[in-house]
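> I would like the atomic coordinates for the input below:
(3 chains)
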Amino acid sequence: MNTVSTTHVAAPVRRWQAATEESAWVRRSLIGVALIFLALFLMLPLAVVLYGAFEQGLAVWLAAIVEPDAAAAIRLTLLVVLIAVPVNLIFGLAAAWAVAKFEFPGKSILVTLIDMPFAISPVVVGLMFVILLGNHGPLGQWLIEHGYRVIFSVPGIVLVIVFGTMPFVARELIPLMQEQGSEEEESSLTLGASGWRTFWHVTLPNVKWGVIYGVILCNARAMGEFGAVAVVSGRIRGETNTVPLHIEVLYNEYQFTAAFAVASLLAALAVVTIVVKSLIEWRDEQRRLAAVEGEQ
Amino acid sequence: MAFRFRQHSVLPGFGLTLGFTVFYLSLLLLLPVAALLFYTLQMPWVDFWATVSHPQVVESYKLSFGASLIGALINLVFGALVAWVLVRYEFPGRRVVDALVDLPFAMPTAVAGIALVTLYASTGWIGQYIDAFGVRIAYTQLGVIVALTYIGLPFVVRTVQPVLRDMAPELEEASAIMGASRFTTLRRVVLPTLLPALLTGFAMAFARAVGEYGSVVFISGNIPYTTEITPLLIVAKAEQYDYRGAAAIGTVMLVAAFALLLMINALQWWSTRRHTQR
Amino acid sequence: MSIEIDNVSRRFGDFAAVDNVSLSLPQGELTALLGPSGSGKTTLLRIIAGLERPDHGTVKFHGEDTTDVHVSDRGVGFVFQHYALFKHMTVFENVAYGLKVKPRRVRPNQAEIHRRVKKLLELVQLDWTAHRYPSQLSGGQRQRIALARALAVEPKVLLLDEPFGALDAKVRAELRRWLRRLHDEIHVTSVFVTHDQEEALEVSDRVVVMNHGRVEQEGSPREVYDHPANPFVYGFLGQVNLFRGRVSGGWAEIGGVRLPAPEHRDVSDAGAVAYIRPHDIELVEEEITGEGVIRAVVETVSIAGAVLRVELRHGLGDDLLHVEVPRDQPVAQTLQAGQVVYARPKQSRVFLQ
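Model prediction:
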C-alpha cells in the first residue's frame, strides 16, 4: 500500500471539526428551522387557545365554565372517565400479565388486536357501536325492546370511549413487564407468597410508573374523545354532550370565547399529561445514570 | 426441558388474565367490528358499490388519502429534522421542546381543531400573513393538510429518536475516515440506518391522519367535492340516518385501517430486526 | 509515512486523558500503544486519526503538520473495536465504500473498484463473503472485513483501536498472528491500541507503554520486557513478585535476604522495591544458603502448559511468591503442597522508592 493518495495531505487547512459534527452555521440553521416548524405547529395552537380563553378576563372565562350546559358536560365527561379508566386499567394489567409473563401460540395476534383501536377511525368506532346496539341488529333490538337505551345515551358514550382508550395501559405495561422478566415473581413465589401477594408487592411496584403514565394518557384521551362520541351521543345538550362536543356546539354558535374557555380546560389537561410524562422519563433517566455510575 | 417448562409456569394467573383479555377484546373489539362487517354484507353488492364509488365519496377518498400522504411526507422530513436536532444538538429549552412534541397526542382533537382554524383563518395570527400572498389555508384543502400534519407530528420524531440515540458514533467516524464528506456520510450511512424507523413513523402518521375527524372538521369547511374528508361523510350519513351508506364507507375505511396496521407491524418487525443485528 | 507527535495534550474536564506526549513512530513499523484502561492510549490514537482534537501540541505525518487537517482528508485507515461495519451494506459494498465516496475526478471506475475490492478480500482470505451482510459473519470475520475496508483507501497510516478486544481468546490469538503476517506483507505504518501485554509483545515492532496519559517507556518488545524503565512498566508487562526493603551500597536488603542492585551503588539506606519475574526464580529442594535465597513452603501447584505455576508462602511478607518452573526440570516432578523449598532469584530489578 504505497503512493497514490499523497494529494490528501495538501488539502486546505480548515478549522478543526469532529467527524460526527456539522459546522456551526449548519447546526444553527437546522435548529432554527426545527424550532420555527415546532413553533408554528405546537406552540401557537396552544397559545391561541389560552389567549382566546382569557382574552376577555377571568370572570368571563369562569362564567363560561360554570354555565349549566358546560357544567353538565364536565360532569358527564368526569363520569365517563371514572368508568372508562378503571375498566381499561384492569384490562391493561390483565393483558400485560398474560402477554409479558407467558408464552403461548397466537400471542402476536393478540398484541396486534390490542393495538387495533388506535388504527380504526373514531367515527368508524362510533358507527360500529350504533350498528351493534342501535335498532339495526338482533342485539340492539333486544336492548330496545327491554327498555335499555344505549345509543344516543350515556352507556353508548362510555362504550366508545372505553373502546378508544383500550390500548393505553396495556401498551405502556407490556414492554415494561417483558423487560423486567419473571425472576422476581418466581423468587417471591418460592418464598411462599401467594399469587395475589406477589402481584401487589413485587410486580406492581416495579411497573408503578408505567401504570401511572398509562392511566394519565388513557385519561387524557378519554376526556378528549370526539369523533366516536359525536356519532353515538346524539348531541342532546345538557344530557349527552361531553366537553369536546360542548366545545363544538359553542364554536358553531360563534361563542368563541366560551368555546376557548372550555377548551382551555382540556388543553391544560394535555399539558399536565406531557409534564407528567416528562417527569417520569426524567426520573428513569436519572436512575439509569445512577445505575451506570454504580457499575463503574 | 420439563424442568424449564415448569419453571416458566410457576407464575399463576395465566388462565384468568388471558381469559379476561380475550373475553374483553371479543366483546368490545371483535363484536362491534363483526357487526359492522355483517351489516355491510347484508347490502346488495350493487348498492354497496354505488355508495362507495359515488363521485362525492371518491373525491373524499382522494382528499383523505392525498392530504394524509402530504401531511405524512411533511412529517417525514420535519420529523427527521426535529429528531436529529433534539438528539444531536444542545440548545436552551431543548427539554421543553422535546416534551412539547407529544402535545398533538395529548391534545383533544376538537381543541386542536378550533385552535388551528383560529390561527390559519384569514384574520388569524398566521393566516393574515399568508392571506397577504393570496393563499388561503382555512376552509381549503391546504387547511386539511395543516390539520393532518399537526396530528401526525409526534410519530416520526418518536420512532426516529431512540434509533438515532442508540446509533454508534463509530459508523459516522468510519465513514468520515474513509474520506466521505459530512453530507455523504449522512446520505449513505445515517439515512439508511434510520430508514426503517422513518418509514414506520411515516406509516403511523399516515394511518392516524386517514381516520382523523375532530381536528379537521373545523378548519376544512366541509364543502362537498372539495374539502370533505371521508370520516366526515360517514358522520353526515349517520346523522341523516343513512346507516347503510355510512356502514359501506365505514367498511372501506376499516379495511384500509387493517391494511395499514399490518404494514406498520411488518415495518416494525423489520426495524427491530435490523436494529438488533450487530 | 512516519508519524511525529509533539507535546500533545488532551483534557476531558478535570481528567488529563493525554498529558504532554511526544512520540516518533517510524515509517513502516507496527507500533503497539499499551496501557491499562484510562491510560489515554485510545485518545492518543483518535488524536492521530483526527477524530479527537488535541488541546496542545501537533501531529505531523512525514513532517507535515496535520493537526488541523479534517479526518476525511488525512488518509488514515481506522479499525474500530466493534468493527463499525455498515449493516445495510454487503461486505463488498462495505469494502468499496471508501473508493466510491472519493471525489469524481479521483474515483476509480467500476471495474477498477471491483478489482481492488476483490484483491483486498483475497488478502483477508474472505473473498467468498462478498455478497453477504455483516450480520451473517462471525466476529473474527467481521474484524478482517473491517481491516480490508480500512485498507481500501490505501492509507498512509493504519490505526487499530483494540482490534481484537471483542473477540474470544482463540480467535484473538489466531487473528493477531495473522495481523503480524499481513503487516509484513503490506508494510504500512500501523499503530494499534491494546491493554493486553502479551498481544503487544507478540505482534508489534515497537511498544509504547502508557499510564495516566503519559508515556512510561517505548522500545522494542524485548527492550521493554527485559529492561523496564520503571516499576509501572515492570508490573504491567507480565506477572511479577515485589518485595519492599532498603537499598545500600549496591545491595537491596529485604528481611534477611540480599539482592544485588549494582545500579544503586551510590545510594545509602533508601527505601526500595525489588521486582522478580516468576520465571526468574529457581526452586531447589535441598537446603542451600546464599545471599538471595528465600526459604518457602509450597502452597499450590498448577499446570499451565509447559510450566508449573507454584505459589509459595515465605517469611518476607504476606504476599505469596509466584514461581514458574519448566516442567522438564527434575524439581517439577516432585513438587507438592506443604513441601519446604528454597527459592533463588536468578535475576531481579530494584527500584528506589
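
> hey, let's count contacts and neighbours off CA atoms from now on
Will do.

> so which residue is dead centre in the chain?
I went with chain A, as the question did not name one. Residue closest to the average C-alpha location in chain A (CA atoms, centre = their mean): A:L217, at 3.2 Å.

> try chain C instead
C:A200 (2.8 Å).

> doesn't C:I281 make contact with C:A343?
Yes. The pair C:A343 and C:I281 qualifies as a contact (CA atoms under 8 Å) at a distance of 6.3 Å.

> and C:G249, what is it in contact with?
With contact set as CA atoms under 8 Å, 6 or more residues apart in numbering or on different chains, C:G249 has these partners: C:262, C:264-268.

> using TSV, lay out those residues together with neighbour count and pLDDT.
Formatted as TSV, these follow (neighbours: other CA atoms under 10 Å in any protein chain shown; pLDDT from 0 to 100):
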residue	neighbour count	pLDDT
C:P262	15	84
C:H264	18	84
C:R265	13	85
C:D266	11	84
C:V267	15	82
C:S268	13	83
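
> let me see the ranges of the helices in the stretch 101-250 of chain A.
Along the stretch 101-250 of chain A, counting by DSSP state H, counting those that start in this stretch, helices occupy A:107-119, A:122-133, A:138-145, A:154-164, A:167-180, A:183-190, A:195-198, A:204-206, A:208-224, A:227-233, A:243-252.

> what's the closest of the ones you listed to chain C?
Closest approach to chain C among the helices of the stretch 101-250 of chain A (CA to the nearest CA): helix A:167-180, 24.3 Å.

> compare the helices of the stretch 101-250 of chain A and give me the one nearest chain B.
Per CA to the nearest CA, nearest to chain B of the helices of the stretch 101-250 of chain A: helix A:208-224, 4.3 Å.

> contacting residues around that closest one?
If you take CA under 8 Å, 6+ apart as the criterion, helix A:208-224 is touched by A:77-78, A:80-81, A:84-85, A:89, A:161-162, A:164-166, A:168-173, A:176, A:243-244, A:266, A:269-270, A:273, A:276-277, A:280, B:106-110.

> next, the angle from that helix to helix A:243-252.
Between the axes of helix A:208-224 and helix A:243-252, defined by axes from the mean of the first three to the mean of the last three CA atoms, to 10 degrees, the angle is 40 degrees.

> just want the residue of the stretch 1-150 of chain A that's nearest chain B.
Residue nearest to chain B within the stretch 1-150 of chain A (CA to the nearest CA): A:S121, separated by 4.0 Å.

> kindly report the same for chain C.
For chain C, CA to the nearest CA, closest residue to chain B: C:S72, 4.0 Å.

> what's the closest non-adjacent residue to that residue?
Using CA to CA, 6 or more residues apart in numbering or on different chains and skipping the chain neighbours, the partner closest in space to C:S72 is B:G179 (4.0 Å).

> report the contact partners of the one you found.
B:G179 makes contacts with C:71-73, C:75, C:98, C:101-102, as judged by CA under 8 Å, 6+ apart.

> and it, that's in a strand?
No. Looking at B:G179 with DSSP: H, G, I helix; E, B strand; the rest coil, it is coil, so not inside a strand.

> in the longest helix along chain A, which residues are buried?
In chain A, taking DSSP state H as the definition, the longest helix is helix A:256-295. Within helix A:256-295, the residues scored as buried using 16 or more other CA atoms under 10 Å in any protein chain shown are A:256-267, A:269-271, A:273-278, A:280.

> quick check: which helices or strands does it pack against?
On a contact count with 3 or more CA pairs under 8 Å, 6 or more residues apart in numbering or on different chains; DSSP states H and E, helix A:256-295 meets helix A:44-54, helix A:58-66, helix A:208-224, helix A:243-252, helix B:94-100, helix B:103-106, helix B:109-120.

> could these go into a markdown table alongside mean pLDDT?
Output for these, formatted as a markdown table (pLDDT from 0 to 100):
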| stretch | mean pLDDT |
| --- | --- |
| helix A:44-54 | 94 |
| helix A:58-66 | 91 |
| helix A:208-224 | 91 |
| helix A:243-252 | 93 |
| helix B:94-100 | 92 |
| helix B:103-106 | 91 |
| helix B:109-120 | 94 |
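
> remind me which residues of chain A are low pLDDT?
A:1-15, A:294-296 (pLDDT under 70).

> in contact with the residue lying farthest from the centre of chain C, which residues?
In chain C, the residue that sits farthest from the middle, by CA atoms, centre = their mean, is C:R105; the gap is 40.8 Å. Contacts for C:R105 were tallied using CA under 8 Å, 6+ apart; there are none.

> that one should be in a helix, yeah?
Yes. Secondary structure of C:R105 (three-state DSSP): part of a helix.

> quick check, pLDDT for it.
Listed pLDDT for C:R105 reads 90.

> measure it to C:L99 for me?
Going from C:R105 to C:L99 by CA to CA, to the nearest Å gives 12 Å.

> next one: C:V267
From C:V267 to C:L99 the distance is 62 Å (CA to CA).

> again with A:V229
Distance, A:V229 to C:L99, using CA to CA: 61 Å.

> outside of the helix or strand hosting C:N20, which residues touch it?
Under the criterion of DSSP states H and E, C:N20 resides in strand C:15-25. Applying CA under 8 Å, 6+ apart, the contact partners of strand C:15-25 are C:2-11, C:31, C:38-41, C:43-44, C:56-57, C:212-215.

> just those: which are in helices?
Counting by DSSP H, these place C:41, C:43-44 in helices.

> which of those residues has the largest number of neighbours?
C:K41 (31 neighbours; other CA atoms under 10 Å in any protein chain shown).

> what's near enough to touch that residue?
Applying CA under 8 Å, 6+ apart, we find C:K41 in contact with C:18, C:33-35, C:193, C:210, C:213.

> tell me which of the helices and strands packed on helix A:256-295 sits most buried.
Counting by mean count of other CA atoms under 10 Å in any protein chain shown, helix B:109-120 has the highest mean neighbour count of those, with a mean of 26.

> helices and strands around that one, which ones?
Applying 3+ CA pairs under 8 Å, 6+ apart, one finds that helix B:109-120 contacts helix A:44-54, helix A:243-252, helix A:256-295, helix B:127-131, helix B:141-166, helix B:214-220.

> give me the contact list for the second one.
Helix A:243-252 is contacted by residues A:69-70, A:73-74, A:77, A:223-226, A:229-230, A:235, A:237, A:256, A:258-260, A:262-263, B:108, B:110-111, B:114 when judged by CA under 8 Å, 6+ apart.

> what angle do helix B:109-120 and that helix make with each other?
Going by the same axes, to 10 degrees, helix A:243-252 makes 30 degrees with helix B:109-120.

> what residues does the stretch 101-250 of chain C have near chain A?
C:151, C:154-156, C:186-188 (CA under 8 Å from any CA of the partner chain).

> of the contacts of C:G249, closest to A:L127?
Nearest to A:L127 out of these is C:H264 (CA to CA; 97.4 Å).

> name the helix or strand for the residue positioned nearest the centre of chain B, please.
Nearest residue to the geometric centre of chain B (CA atoms, centre = their mean): B:A205, 2.3 Å. Here B:A205 sits within helix B:191-211, counting by DSSP H and E.

> could you give the mean pLDDT of that helix?
Average pLDDT, helix B:191-211: 93.

> just confirm yes or no for that helix near chain A.
Yes. Applying CA under 8 Å from any CA, one finds helix B:191-211 in contact with chain A at B:207-208, B:210-211.

> now the strand holding C:N20: buried residues?
By neighbour count on 16+ other CA under 10 Å, the buried set for strand C:15-25 is C:16-22, C:25.
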